[in-house]
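>>> Just need the structure, nothing else, for what follows:
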Amino acid sequence: MIRFRPALYVIALLAFTAAAHAEGPALPRAATPEEVGLSSAQLKRLEEVTQKHVDSGLVPGAVMLVARRGKIAWQATLGKRDLAAGDAMKPDSIFRIYSMSKPIVSVAVMQMVEEGKLQVSDPVARFLPEIGKMKVGTEATGPDGRPVLRLGDPERAMTVQDLLRHTSGLTYGTRGTSLINAAYVEAKIGDRGMTNEEFVAKLSTLPLKFSPGARWEYSVSTDVLGRLVEVIDGKKLGIALSDRLFKPLGMIDTQFQVPADKLARAAQPGPRPNGQPMTPRFKVDDGAKYESGGGGLTGTTDDYLRFAAMLANNGQFQGKRLLGKQTVAFMTADHTGTRAGRTPGLGFGLGFEVRTKEGEAALPGSLGEYGWAGAAGTVFWIDPKEELIAIYMVQVSELDRVALRNQFRTMVQAAIID
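Got it, this is the predicted structure:
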């Protein structure tokens with residue numbers, strides 16, 4: 001994993017005064033990217049390419065960061081935080097991180113495992129009994145020739161591990177056209193007017209798409225984990241995450257709702273070059289009851305760096321241990337194996353995509369590299385072999401997000417020279 005050199009860390013930390021933070025900087029800064037084996041020229045090229053996207057209107061604004069060997073090697077802040085307001089993007093701008101919420105909730109669950117409150121092999125129904133009543137839906141042809149759903153018992157119970165690795169049999173309604181997907185859409189699963197308890201109650205009335213464990217499918221699994229955290233901790237998800245992670249790590253700007261005194265820092269999407277809007281899925285101050293463990297958090301680049309640095313340092317951050325070393329290793333191993341549904345060369349661990357082969361995935365990277373992305377184009381990953389953390393914060397259209405974050409990934413990889 002990423003090695004932190006305590007003596008050098010303390011010296012650099014005392015000398016570093018930029019970006020004041022109540023807890024101090026997440027990591028010290030390298031004097032130059034070359035100090036930690038990265039190319040200034042390549043990172044400058046990445047900044048120039050991103051600036052062209054800003055100039056064209058493809059990207060309203062961006063905050064990009066690369067850390068290596070325990071130091072921030074490079075950070076760039078470009079464009080506008082809010083095009084309508086004309087405000088410049090700033091390093092402390094607050095982003096909707098969407099599915100980058102999933103690793104955070106997954107870590108909270110694994111903290112509970114370490115505390116002996118559950119096991120990943122436990123059936124979900126032990127904590128959420130209604131989930132145990134779900135049937136598997138199979139499409140068949142009805143008497144009138146139209147497709148119908150037939151319901152049957154799953155081959156085995158859904159486990160906590162299934163939720164963590166997305167082999168639960170659940171889905172996202174908008175990620176398919178099957179009758180089950182349509183049922184999710186009709187039921188308005190994830191409506192922000194629901195509480196997390198109400199979300200699970202409604203979800204449990206719908207069919208599973210397949211028997212748990214049969215294959216991988218991206219889904220509302222982590223939202224269910226969010227409710228599980230509430231049941232075990234006896235408090236709302238946002239409070240539980242704050243107590244378990246945000247306060248200990250100094251993640252002072254990460255939460256489900258942006259308070260009034262921070263709204264002027266919220267990054268907003270804008271129109272695409274052809275005039276189509278980049279519509280956010282939720283307002284950051286809408287007062288929603290729903291605290292989506294799968295995609296509802298907002299936060300800053302510095303906050304996410306703190307979370308990532310903890311993982312990269314085997315569960316410890318600035319002298320505080322949040323997870324055990326073996327737990328981090330367990331979470332970042334591939335848990336999908338030969339199951340269908342994953343991109344070749346990329347598996348999935350407990351909350352993270354995990355690289356299983358250096359080739360096949362059409363993206364450069366190292367074996368064991370892990371991370372995840374968000375619906376508005378944000379992405380992060382940790383490369384233990386190269387001792388690298390990279391974070392890309394934007395609010396772009398879903399039509400552009402994959403190409404943009406893949407470009408960021410490939411150009412960052414090209415900056416590694418030593």
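>>> Quick check: nearest residue in space to residue 416, chain neighbours excluded?
Spatial nearest neighbour of residue 416, chain neighbours left out: residue 386 (5.8 Å); criterion: CB to CB, 6 or more residues apart in numbering. (Glycine included, C-beta is placed from N, CA and C.)
>>> Residue 100 too?
Nearest one to residue 100, counting by CB to CB, 6+ apart, is residue 374 at 4.5 Å.
>>> now the strands: where do they sit in the stretch 301-418 of the chain?
Counting by DSSP state E, counting those that start in this stretch, one finds strands in the stretch 301-418 of the chain at the ranges 316-317, 320-321, 346-348, 353-355, 370-373, 379-383, 388-393.
>>> hey, which of the ones you listed is tucked in deepest?
For these, the largest average neighbour count (mean count of other CB atoms under 10 Å) is found in strand 388-393, namely a mean of 26.
>>> Can you tell me which helices and strands it packs against?
If you count contacts as 3 or more CB pairs under 8 Å, 6 or more residues apart in numbering; DSSP states H and E, strand 388-393 packs onto strand 61-68, helix 301-312, strand 379-383, helix 401-413.
>>> Now the longest one - C-alpha only, PDB.
In PDB, the C-alpha atoms belonging to helix 401-413 read as follows (Å, rounded to 0.1, in the frame of the first residue of the first chain):
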ATOM      1  CA  ARG A 401     -18.900  11.700 -18.100                       C
ATOM      2  CA  VAL A 402     -17.300   8.400 -19.200                       C
ATOM      3  CA  ALA A 403     -15.100   9.900 -21.900                       C
ATOM      4  CA  LEU A 404     -14.000  12.800 -19.700                       C
ATOM      5  CA  ARG A 405     -13.000  10.700 -16.600                       C
ATOM      6  CA  ASN A 406     -11.400   8.000 -18.800                       C
ATOM      7  CA  GLN A 407      -9.300  10.800 -20.400                       C
ATOM      8  CA  PHE A 408      -8.300  12.000 -16.900                       C
ATOM      9  CA  ARG A 409      -7.300   8.500 -15.900                       C
ATOM     10  CA  THR A 410      -5.200   7.700 -18.900                       C
ATOM     11  CA  MET A 411      -3.400  11.100 -18.800                       C
ATOM     12  CA  VAL A 412      -2.700  10.700 -15.100                       C
ATOM     13  CA  GLN A 413      -1.200   7.300 -15.700                       C
END
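>>> Is the residue nearest to residue 416 in contact with residue 366, as I believe?
Yes - under the criterion of CB atoms under 8 Å, residue 386 makes contact with residue 366 at 5.8 Å.
>>> So between the two, which is more surrounded?
When neighbours are counted by other CB atoms under 10 Å, residue 386 and residue 366 differ, and residue 386 comes out ahead with 19 against 15.
>>> Phi, psi for the more buried one please.
Residue 386 has phi and psi values of phi -90, psi 0 when expressed as degrees, to the nearest 10.
>>> Domain map for this structure?
As recorded under automatic domain parsing, the domains making up the chain are 6-97+257-290+300-331+374-413, 107-232.
>>> Nearest to residue 128, out of the strands of the stretch 301-418 of the chain?
Shortest distance between residue 128 and those, using CB to CB, is found for strand 346-348: 21.9 Å.
>>> Starting from residue 73, give me the distance back to the residue nearest to residue 100.
Taking CB to CB, to the nearest Å as the measure, residue 374 falls 23 Å from residue 73.
>>> what about these two, which has more around it?
With neighbours defined as other CB under 10 Å, residue 374 and residue 73 compare such that residue 73 has more, 27 against 24.
>>> Just the pLDDT at the more buried one, thanks.
On the pLDDT scale, residue 73 is placed at 98.
>>> Which strand or helix spans it?
strand 71-82 (DSSP states H and E).
>>> Off-centre distance for that strand?
Strand 71-82 has its C-alpha centroid displaced from the chain centroid by 19 Å (CA atoms, centre = their mean, to the nearest Å).
>>> For the helix or strand just after that strand, name the packing helices and strands.
For strand 71-82, the succeeding helix or strand toward the C-terminus, using DSSP H and E, is strand 87-88. If you count contacts as 3+ CB pairs under 8 Å, 6+ apart, strand 87-88 packs onto strand 71-82.
>>> Can you tell me the centre-most residue of this protein?
Central residue of the chain (CA atoms, centre = their mean): residue 100, 1.5 Å from the mean position.
>>> Confirm that that residue sits in a strand.
No - counting by DSSP: H, G, I helix; E, B strand; the rest coil, residue 100 is not found in a strand; it is helix.
>>> can you list the weak-confidence ranges in the chain?
1-23 (pLDDT under 70).
>>> My read is that residue 370 contacts residue 381, right?
Yes - Residue 370 is within contact range of residue 381, at 6.6 Å (criterion: CB under 8 Å).
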